[in-house]
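> predicted model and sequence follow; I will ask about them next.
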Amino acid sequence: MEQVVRRKRHFPDIEISKIEKNLWKEFIYGGHLFAAGAVGVVYMASIFCSIFISWDFLVAIYLMFYAIYFYDYTTGAEEDKQTNSERSVYINADDNRKRIALTICGATLAMSAIYIIWSDIINMVIGFSILVLGLLYHSCFKNLTRFIPAFKNFFVSAVWALLVFLLLAYYSQPITSAAILLSAFIFLRMLKIQILFDLRDTEGDKKKGLLTIPVCMKGNSEKLLNMLNVLNLLTIIVIAYGILAGIIPAASMMILLVFFYGHSYIKDIKAEKNVTSHYLLAAGEPILWAGLMQSGNICIQLLNTSFNLI
């Protein structure tokens with residue numbers, strides 16, 4: 001009798017554990033991680049450019065990037081069996097066609113409603129242009145890398161960098177030097193992250209004839225990771241220049257900490273190339289940017305309050 005009672009007591013814990021694991025897998029493998037990262041980017045940009053950001057724009061960006069990455073993951077599930085088997089198994093567990101259709105239709109309808117109610121047709125066209133570019137990546141733009149070296153790396157990084165200008169357009173703000181510098185920062189850091197992912201996919205990309213940077217460098221991971229460290233440093237120089245020149249706010253100083261964060265996971269990947277957690281650190285970096293920018297903003301506000309009290 002006691003054994004039966006004990007089993008009943010532990011049963012909820014087992015169920016909760018399963019739910020947590022499934023939610024975590026959905027967040028990581030279902031496209032939500034990069035969708036949250038896109039939200040982090042526009043939130044960071046709003047602080048950079050002193051724009052009050054509203055929830056409607058954040059939801060539109062989340063839906064846009066969720067649809068893009070979910071579509072990319074599901075259509076590339078078979079290709080990922082060798083390089084990202086965990087994601088491939090999780091994605092293939094569902095009825096892909098139905099879920100793809102529901103995801104894209106749902107995201108499209110919700111984005112349309114947001115743009116119609118809170119924005120205008122011009123912004124809707126801009127937003128849906130980025131959505132279409134993202135959805136066409138796997139079927140069209142990725143294959144251009146067979147003829148144009150590193151095209152997919154530059155394409156994906158450029159889409160992320162465009163988020164800054166999407167924010168400015170949505171709130172009818174002019175393009176400033178701060179926005180251009182931030183866009184350059186995002187482009188370079190996303191380029192670093194995309195090259196890092198291609199390092200893991202070197203053999204698969206080579207078989208498909210994709211001229212990614214790791215393939216062009218003949219899989220020389222030592223030289224490639226050293227190049228990524230240089231890119232890591234270059235992005236910090238961009239931000240440091242903006243602060244010293246008075247182009248971007250002092251709160252941006254906290255962003256400089258991403259150098260150590262980036263250096264850390266690059267070092268870990270150099271030691272253990274195929275450990276999934278190291279790549280997750282890279283994928284989640286855009287979320288960290290928002291957190292660092294917000295913490296810097298809070299620190300500056302506290303300092304100003306202290307000086308006013310004195």
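Yes, it's here.
> what ranges in the stretch 201-310 of the chain fall below the confidence cut-off?
In the prediction, the stretch 201-310 of the chain carries residues with pLDDT under 70 at positions 219, 273-275, 310.
> the stretch 1-150 of the chain now?
Low-confidence segments of the stretch 1-150 of the chain, defined by pLDDT under 70: 1-16, 77-85, 93-97.
> repeat the analysis, applying 50 as the threshold.
Scanning the stretch 1-150 of the chain for pLDDT under 50 picks out the ranges 1-11, 13-14.
> what's in contact with whichever strand or helix holds residue 279?
When secondary structure is defined using DSSP states H and E, the element that contains residue 279 is helix 276-283. Residues from elsewhere that reach helix 276-283 (CB atoms under 8 Å, 6 or more residues apart in numbering): 28, 33-34, 37, 84, 86, 193, 196-197, 200, 261-262, 264-265, 268-269, 272. (Glycine included, C-beta is placed from N, CA and C.)
> for PyMOL, what selects the buried ones among these?
A single PyMOL command selects the buried members of the contacts of helix 276-283 (16 or more other CB atoms under 10 Å):
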select buried, resi 28+33+34+37+84+193+196+197+200+261+262+265+268+269
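> which members of the contacts of helix 276-283 occur in helices, if any?
Members of these lying in helices (criterion: DSSP state H): 28, 33-34, 37, 86, 193, 196-197, 200, 261-262, 264-265, 268-269.
> closest to residue 178 among these?
Among these, residue 37 lies closest to residue 178 (CB to CB), at 20.8 Å.
> how far away is the closest residue to that closest one other than its chain neighbours from residue 182?
What sits nearest to residue 37 in space, not counting adjacent residues and going by CB to CB, 6 or more residues apart in numbering, is residue 286, at 3.4 Å. In this view, residue 286 and residue 182 are 12 Å apart by CB to CB, to the nearest Å.
> of these two, which one has the most company?
Neighbours per residue (other CB atoms under 10 Å) separate residue 286 from residue 182, with residue 182 holding more: 30 against 26.
> burial of residue 60, as a residue count?
Here the number of neighbours of residue 60 (other CB under 10 Å) works out to 27.
> so what's it up against?
If you count contacts by CB under 8 Å, 6+ apart, then residue 60 has 110-111, 114-115, 127 around it.
> and which of those residues is nearest residue 189?
The closest of the contacts of residue 60 to residue 189 turns out to be residue 127 (CB to CB; 22.8 Å).
> element containing the closest one?
Counting by DSSP H and E, the secondary-structure element that holds residue 127 is helix 121-135.
> just checking, what packs against the helix or strand just after that helix?
Once the chain leaves helix 121-135, the next helix or strand it forms, by DSSP H and E, is helix 151-170. Contact partners of helix 151-170 among helices and strands, from 3 or more CB pairs under 8 Å, 6 or more residues apart in numbering; DSSP states H and E: helix 32-48, helix 55-75, helix 121-135, helix 177-200.
> distance to residue 242 for those helices - can I get that in CSV?
Supplementary listing: the helices and strands packed on helix 151-170 in CSV, determined by distance: least, CB to CB, whole Å:
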stretch, distance to residue 242
helix 32-48, 9
helix 55-75, 23
helix 121-135, 25
helix 177-200, 4
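> residue 247 is nearest to which of those helices?
Residue 247 sits nearest to helix 177-200 of all those, at 4.8 Å, using CB to CB.
> ok, residues contacting the helix holding residue 127?
Judged by CB under 8 Å, 6+ apart, the contacts made with helix 121-135 from elsewhere in the structure are 60, 64-65, 67-69, 71-72, 104, 107-108, 111-112, 115-116, 141, 159, 162, 166, 169-170.
> filter these down to the buried ones, ChimeraX style.
In ChimeraX, this line selects whichever of those come out buried by 16+ other CB under 10 Å:
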select :60,64,65,67,68,69,71,72,104,107,111,115,141,159,162,166,169,170
